Structures are given as C-alpha cells and as structure tokens.
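Colleague: just the structure for this:
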Amino acid sequence: MFMRWIVCLLTILLSGCHGVLLLERPTAEAPPSIMPLWERYQQCLATTDPAELARIIDQFERVMLTGAEPPPWMRAWGAHVMRQPLRTAVDPWALGASCTLRAAVVMEAMHDRTAAQTFYQRVLARYSNRDLGYYIEQANEALVSLSVTAVLALRADSIPSP
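Modeller: Numbers count the residues shown, from 1 in each chain. Next up is the predicted model:
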C-alpha cells in the first residue's frame, strides 16, 4: 500500500501541473476562433454601410477573450495564481477599436458629424482601459478636429452675408 502512494506521488511530481489537469473536467467553453473575427474585420474595412459597421462593432465588443481561469485546486494558493493570457496572433480588442475608428471616418465622410463623434467617443469609452494607446490617441485627435470644424462652421453661419 505504501508503495502505491509513493508511485502516485512520484507520478504527480514528475508530470507536473499538466498531469493533474487530466483529472479535471473542462468547465468553460473554448474561446471563440480568431478567424471569424479577422473575416469580420476585413468586412469592416470594405463596407461603407453604417448599419453593417454597427453590427460588426457590436460583434467585436461581445467577444471578450480574457484568458483561461486557473483550476480550482490552484486558486487555493491565493494571490500568486493568476489568469493565464491567451496566446493569439490577433487582438480582438484592437480589431474592435480599429473598426470603430473606421466607422467614425465613414460617418465623417458621409457628413454625419454626430454619428462620427459618437463612434469616436465609443472608442474612448470602451477601449481606454486597454493598452490601445494608438487608437485612443486617434480618437482624441479626431474629436478635437471635429469640434474645431464645428466651431468654424458655426462662425461661418453667424457672419451676415452682404
């Protein structure tokens, strides 16, 4: 009996954490595939339909790839156990921010400044807590540009014509 315990203990020690994972049942569903997200991003770059752009942006915002939770037996070890990041080649958050900026540019080209401003503000609201400084900076610069253009247009309208 003692020998069985030693063999069991040695098996666990030699196989590491991967061996213990075989005893657990997967509780979470697999993360969504990246390829459909990439295809939707390609559609975002090609379309100029505001409704289609809004649907694509909503799809990106629903995808939350946050990483794998540690198994329950490891969580008992406290703060030293953290969620493992996903290893993907494409960042869905960056795709969503980029697509939202694209939608704002399309709205601006269609002379719908209100919708463009809404999309720029959406980038700031949804993606500012991520490490996506480039997109945040682009949205801020575009909002400043929109407000300057609006002020100039307002001044031009207030000048009486001769």
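Colleague: show me where the protein has helices.
Modeller: Using DSSP state H, the helices found in the chain span residues 2-21, 34-46, 50-62, 72-75, 92-109, 113-127, 133-158.
Colleague: most tightly surrounded among these?
Modeller: Comparing the helices of the chain by mean neighbour count (mean count of other C-beta atoms under 10 Å), helix 92-109 comes out on top with a mean of 22. Just so you know, the C-beta spots here come from the backbone N, C-alpha and C atoms, and that holds for glycine as well.
Colleague: tell me which residue is most central in the protein.
Modeller: In the chain, the residue lying closest to the centroid (C-alpha atoms, centre = their mean) is residue 93, at 1.9 Å.
Colleague: residue contacts, that one?
Modeller: In this structure, residue 93 makes contact with 60, 127, 130, 132, judged by C-beta atoms under 8 Å, 6 or more residues apart in numbering.
Colleague: for residue 81, find the nearest of the helices of the chain.
Modeller: Shortest distance between residue 81 and those, using C-beta to C-beta, is found for helix 72-75: 4.8 Å.
Colleague: flag the shaky bits of this structure, pLDDT-wise.
Modeller: 13-34, 64-68, 83-89, 149-162 (pLDDT under 70).
Colleague: go with 50
Modeller: Along the chain, the parts satisfying pLDDT under 50 run over 26-27.
Colleague: got TSV for the helices of the chain, with distance to residue 81 too?
Modeller: Listed next are the helices of the chain as TSV, based on distance: least, C-beta to C-beta, whole Å:
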stretch	distance to residue 81
helix 2-21	11
helix 34-46	26
helix 50-62	28
helix 72-75	5
helix 92-109	24
helix 113-127	28
helix 133-158	29
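Colleague: and the ones you listed: which comes nearest residue 82?
Modeller: Across the helices of the chain, residue 82 has its closest neighbour in helix 72-75 (9.9 Å, C-beta to C-beta).
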